[in-house]
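J.: below are the sequence and a predicted model for it; my questions follow.
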Amino acid sequence: AFLLAVYFRGMNFKEILSLTEAYLHSGKRLDLSDIPVPKIDKHSTGGVGDKVSLVLAPLAASLGLAVPMISGRGLGHTGGTLDKLESIPGFKVSGSLTRFKKQIRRIGVAMFGQTEELVPADRKIYALRDVTATVDSIPLITASIMSKKLAEGIDGLVLDVKVGNGAVLVEQQQAEILAKNMMKVGQAFGKKVVAYLTSMEQPLGLKIGNWLEVEESIECLQGGGPDDLKELVVELTAEMLLLAGLVKKKITAHRKCRQALQDGTAFKKMLQLVRAQRGNSQFIRNP
Ligand code: IUR
């Protein structure tokens, strides 16, 4: 009843902020303040074939950022990063906060899900939205995404708001309202937030499906892969480097990203990530 009420009546900004805080305070937060590198993350509202996180997280970590990425499962018709990661045999997306923090300190990246410790309210409501047809609600999306990102202890965030007939929000105007709401919530918590609206009028890349998307991500991490995927990964990762202040110019950031994809640096980080989360790295080496 609550979800339907929010879905049909909407919320004003103060209510959206309160809902986000309620989600956030339903669990603990990662405290990464003693890790001496910029902590920056990216989140997408989801689309068809959107495998950006699988490439971007290891790429960004290989360039000196800490990426404490809390992802979600499939929602509506869009795939979930956690489900894609779990298609790597052995890969674990749950664990204790202490373990993830140790991993972020050691290799600069962890990719995990909401747990009993971390934003448990989003974990439950996310699953409920999926089965009550209340996914495409701007207040519910805002609280879901921003509570996860605020629980990560990040300094900055890049948002990829998908728009088009394969996205959760089809209309550009709605996507803009969502982007602005998420930026305002982030800023209310003192975070640097940048938002992109990117097209979901066609699938991203050529492969769709959990393992197939891992496969295409590996191609991209080895310097190949389709151009649309590569372009979006490079643009969003470059924005993360700029937010962190690690580079001054977008063009330099682009060059660094392309080079790390080309020379195997990002791929090596992917292997470290998979091993750290108990995945079988043979499947990454030889998909
Ligand atoms: N990703 C999330 O974490 N939450 C949402 O509501 C959507 C995408 I849509």
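T.: Perfect, thanks for sending it.
J.: wait, doesn't Ala66 sit right on Gly108?
T.: Yes. Contact criterion Cβ atoms under 8 Å: Ala66 and Gly108 qualify, at 5.3 Å. C-betas here are computed from N, CA, C, even on glycine.
J.: need the overlap of contacts for those two.
T.: Counting by Cβ atoms under 8 Å, 6 or more residues apart in numbering, the residues touching both Ala66 and Gly108 are Val37.
J.: Val48 falls within a strand, correct?
T.: No. Looking at Val48 with DSSP: H, G, I helix; E, B strand; the rest coil, it is coil, so not inside a strand.
J.: with just CA atoms, put stretch 162-177 into CSV.
T.: Provided in CSV are the C-alpha atoms of stretch 162-177 (Å, rounded to 0.1, in the frame of the first residue of the first chain):
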residue,chain,number,x,y,z
LYS,A,162,19.1,6.1,-18.9
VAL,A,163,16.3,7.5,-21.0
GLY,A,164,14.4,5.9,-23.9
ASN,A,165,12.1,3.0,-24.6
GLY,A,166,14.5,0.4,-23.1
ALA,A,167,15.0,2.4,-19.9
VAL,A,168,12.9,2.5,-16.7
LEU,A,169,12.0,6.1,-17.6
VAL,A,170,11.0,6.6,-21.2
GLU,A,171,10.5,10.4,-21.3
GLN,A,172,13.5,12.8,-21.3
GLN,A,173,11.6,15.2,-19.1
GLN,A,174,11.1,12.6,-16.4
ALA,A,175,14.7,11.5,-16.6
GLU,A,176,15.8,15.1,-16.1
ILE,A,177,13.6,15.4,-13.0
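J.: run through who's touching that stretch.
T.: Under the contact criterion Cβ under 8 Å, 6+ apart, stretch 162-177 has outside partners 44-48, 50, 75-78, 135-136, 138, 141, 161, 178, 197-203.
J.: switch the cut-off to 7 Å
T.: With contact meaning Cβ atoms under 7 Å, 6 or more residues apart in numbering, stretch 162-177 is reached by 44-48, 50, 76, 78, 135-136, 138, 141, 161, 178, 197-203.
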